[in-house]
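S.K.: all I have is the shape, not the residue letters:
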């Protein structure tokens, strides 16, 4: 595997673990104090009564606070286990919303390692215009939104904020209980280097309070709440549920794989393994399945990240949704390998001469590799300058050892020219266009754009690199 791909893997992990995309930066030291779950996250004060039926926004109302907790646990993977283990903090801190008849409260915070989850509520009375005689103008038509998050240390240093692209309190992402609307924020973890592109090893143990405020857009105005102290706690050891040390090696005529450790955590898990492959280029992932003694199966995709050791990789993945008991096994289903053998095909451009949005279903075989038929399934043209080619990979045998699969060829955080160097499109007039190829499992998509497409009668597409899956099908007993 090429160097420099680590950061792209962390982005993939963070994208599969984070539901939203906002960030903040703070830094603290270590702490030996363990967290205790001793309070309820339900607001202690009573919110001002508001007639929910007067709001044009159709928020979903629930009858009990237990349903509020269920709402959060459905949206935050591992939250129920984190609560059981006492890993969340319940600040019970409320703050007035400027020029509004109501308050905002941070009810619960869980720093899971990969993500900080902030569970908050806003009084519905704060989402109306004060003293407005016009009843039609008094209530919001558009949902309010969180514009930014501001975090700073109690001493005034390490102050950071993050402007996001208006995360609305949409009815599908919130719930209403006792005159409050409940929502959540998910931001990157506390590390020395702020941002998404972090290494999980950068997340350290700490326990410290930081002043936290939010900027809200209500109606046509943005206001910032007063800062309240919020305790941010992270304990790596407490987030580990099970640890295993396999002592077995798998080997065939292509690859040797030796898992050396498996950690199952509340919010993130990882497999560390040694992979040796001769004369071929290792791909970016391994498909695997975790099986329990009770018979449940949990498919996982292991994105390989280089370590400081030769041929040793770490693969982080989202943990299973339940605590595993009894015998546990890890089955490595297949490993991806990259192949630099090119293939080409042509596309007739005559159906797209009107320069409008057109789709043509072809289902034509345009290549063959690793006993897999490569099918050009559909061609989509957008305004005559953007095109998308849908590929389908059909194995010739139901259980063959190798097959072409859809996969990203370049790192996700690479430059545009790096992502587009594997596919070339040439028009009949000799104009060359770079294209991007990505996909998953049995599907691939080639996308490109150029004004030269408007005048082309025919284009020739050359794919210079493909990815195929090499079947492993080996099970490791993790309880040995």
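M.R.: Received, thanks. Please read all numbers here as calculations on a predicted model, not as lab measurements.

S.K.: tell me where the stretch 51-200 of the chain has strands.
M.R.: When assigned using DSSP state E, counting those that start in this stretch, the strands of the stretch 51-200 of the chain occupy the ranges 93-96, 103-111, 116-123, 145-153, 160-168, 175-177, 180-187.

S.K.: save those strands as TSV, and put in mean pLDDT, distance to residue 385 and mean neighbour count too.
M.R.: Bear in mind the C-beta positions are built from the backbone N, C-alpha and C, glycine included. As requested, the strands of the stretch 51-200 of the chain are exported to TSV (pLDDT from 0 to 100; distance: least, Cβ to Cβ, whole Å; neighbours: other Cβ atoms under 10 Å):
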stretch	mean pLDDT	distance to residue 385	mean neighbour count
strand 93-96	87	50	18
strand 103-111	93	46	24
strand 116-123	93	42	25
strand 145-153	83	33	20
strand 160-168	66	26	15
strand 175-177	94	44	20
strand 180-187	91	36	23
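
S.K.: pLDDT weak spots in this structure?
M.R.: Scanning the chain for pLDDT under 70 picks out 1-44, 129-141, 155-166, 193-197, 320-323, 355, 411-415, 480.

S.K.: where do the helices of it begin and end?
M.R.: 6-17, 65-75, 79-84, 135-138, 416-419 (DSSP state H).

S.K.: the strands of the stretch 51-200 of the chain: which one's closest to residue 387?
M.R.: For residue 387, the closest of these is strand 160-168, at 28.0 Å, according to Cβ to Cβ.

S.K.: and stretch 259-274, what's buried?
M.R.: Applying a neighbour-count criterion of 16 or more other Cβ atoms under 10 Å, one finds 259, 262-274 buried in stretch 259-274.

S.K.: distance between the ends of that stretch?
M.R.: End-to-end distance for stretch 259-274, by Cα to Cα, to the nearest Å: 6 Å.

S.K.: and that stretch, how far from the chain's centre?
M.R.: In terms of Cα atoms, centre = their mean, to the nearest Å, the centre of stretch 259-274 is set 18 Å apart from its chain centre.

S.K.: and what of stretch 300-313?
M.R.: With Cα atoms, centre = their mean, you get 19 Å for stretch 300-313.

S.K.: ditto for stretch 423-437
M.R.: Using Cα atoms, centre = their mean, the offset of stretch 423-437 from its chain centre is 32 Å.

S.K.: and that stretch, which residues are buried?
M.R.: Those would be 423-427, 433-437, for stretch 423-437 by 16+ other Cβ under 10 Å.

S.K.: likewise for stretch 466-480?
M.R.: Result for stretch 466-480 [16+ other Cβ under 10 Å]: buried residues 466-472, 475-476, 478.

S.K.: also stretch 386-399?
M.R.: The neighbour-count check on stretch 386-399 (16+ other Cβ under 10 Å) flags 387-393, 395 as buried.

S.K.: JSON lines for the residues you listed, including distance to residue 345?
M.R.: JSON lines is the format used below for the buried residues of stretch 386-399 (distance: Cβ to Cβ, whole Å):
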{"residue": "387", "distance to residue 345": "14"}
{"residue": "388", "distance to residue 345": "15"}
{"residue": "389", "distance to residue 345": "9"}
{"residue": "390", "distance to residue 345": "13"}
{"residue": "391", "distance to residue 345": "10"}
{"residue": "392", "distance to residue 345": "13"}
{"residue": "393", "distance to residue 345": "14"}
{"residue": "395", "distance to residue 345": "19"}
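
S.K.: wait, what's in contact with the closest residue to residue 443 other than its chain neighbours?
M.R.: Leaving out its chain neighbours, the residue that sits closest to residue 443 by Cβ to Cβ, 6 or more residues apart in numbering is residue 406, at 4.9 Å. By Cβ atoms under 8 Å, 6 or more residues apart in numbering, the residues touching residue 406 are 391, 393, 438-445, 467.

S.K.: in TSV, list those along with distance to residue 117.
M.R.: Formatted as TSV, the contacts of residue 406 follow (distance: Cβ to Cβ, whole Å):
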residue	distance to residue 117
391	38
393	38
438	29
439	31
440	27
441	30
442	35
443	32
444	35
445	33
467	34
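
S.K.: pull out the buried residues from these.
M.R.: 391, 393, 438-439, 442, 444-445, 467.

S.K.: which ones among those map onto strands?
M.R.: 391, 393, 438-439, 444-445, 467 (DSSP state E).

S.K.: please identify which of those is nearest to residue 180.
M.R.: residue 438 (42.0 Å).

S.K.: now do the contacts for the closest one.
M.R.: Taking Cβ under 8 Å, 6+ apart, one finds 406-409, 444-445 in contact with residue 438.

S.K.: same thing but 6 Å
M.R.: By Cβ atoms under 6 Å, 6 or more residues apart in numbering, residue 438 lies in contact with residue 408.

S.K.: and the closest residue to residue 46 other than its chain neighbours, how many residues sit next to it?
M.R.: Of all residues not flanking residue 46 in the chain, residue 178 sits nearest, at 7.8 Å (Cβ to Cβ, 6+ apart). Residue 178: 18 surrounding residues under other Cβ atoms under 10 Å.

S.K.: what about stretch 72-82, start to end distance?
M.R.: First residue to last in stretch 72-82 (Cα to Cα) measures 12 Å.

S.K.: the strands in the stretch 301-450 of the chain, which residues?
M.R.: Using DSSP E, counting those that start in this stretch, strands in the stretch 301-450 of the chain cover 305-306, 312-317, 328-339, 343-348, 358-369, 372-382, 386-395, 402-405, 423-427, 432-440, 443-449.

S.K.: possible to save the ones in strands among the buried ones among the contacts of residue 406 as TSV with distance to residue 367?
M.R.: Putting these into TSV (distance: Cβ to Cβ, whole Å) gives the following:
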residue	distance to residue 367
391	9
393	10
438	17
439	14
444	11
445	15
467	14
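
S.K.: residue 458: which of those is nearest?
M.R.: For those, the minimum distance to residue 458 (Cβ to Cβ) is 18.4 Å, reached by residue 391.

S.K.: so that closest one sits against residue 445, correct?
M.R.: No: between residue 391 and residue 445 there is no contact under Cβ atoms under 6 Å: 7.0 Å.

S.K.: how about residue 77, phi and psi?
M.R.: phi -60, psi 130 (degrees, to the nearest 10).

S.K.: could you find the closest non-adjacent residue to it?
M.R.: Going by Cβ to Cβ, 6+ apart, residue 77 has residue 318 as its nearest residue, at 6.3 Å.

S.K.: now that neighbour: how far from residue 436?
M.R.: Separation of residue 318 from residue 436 (Cβ to Cβ, to the nearest Å) stands at 26 Å.

S.K.: what of residue 332?
M.R.: According to Cβ to Cβ, residue 332 stands 29 Å off from residue 436.

S.K.: got it, and residue 179?
M.R.: Going from residue 179 to residue 436 by Cβ to Cβ gives 49 Å.

S.K.: next, count neighbours for the closest residue to residue 171 other than its chain neighbours.
M.R.: Leaving out its chain neighbours, the residue that sits closest to residue 171 by Cβ to Cβ, 6+ apart is residue 59, at 4.8 Å. The local packing of residue 59 (other Cβ under 10 Å) involves 18 other residues.

S.K.: test my guess that residue 59 contacts residue 170.
M.R.: No: using Cβ under 6 Å, residue 59 makes no contact with residue 170, being 9.3 Å away.
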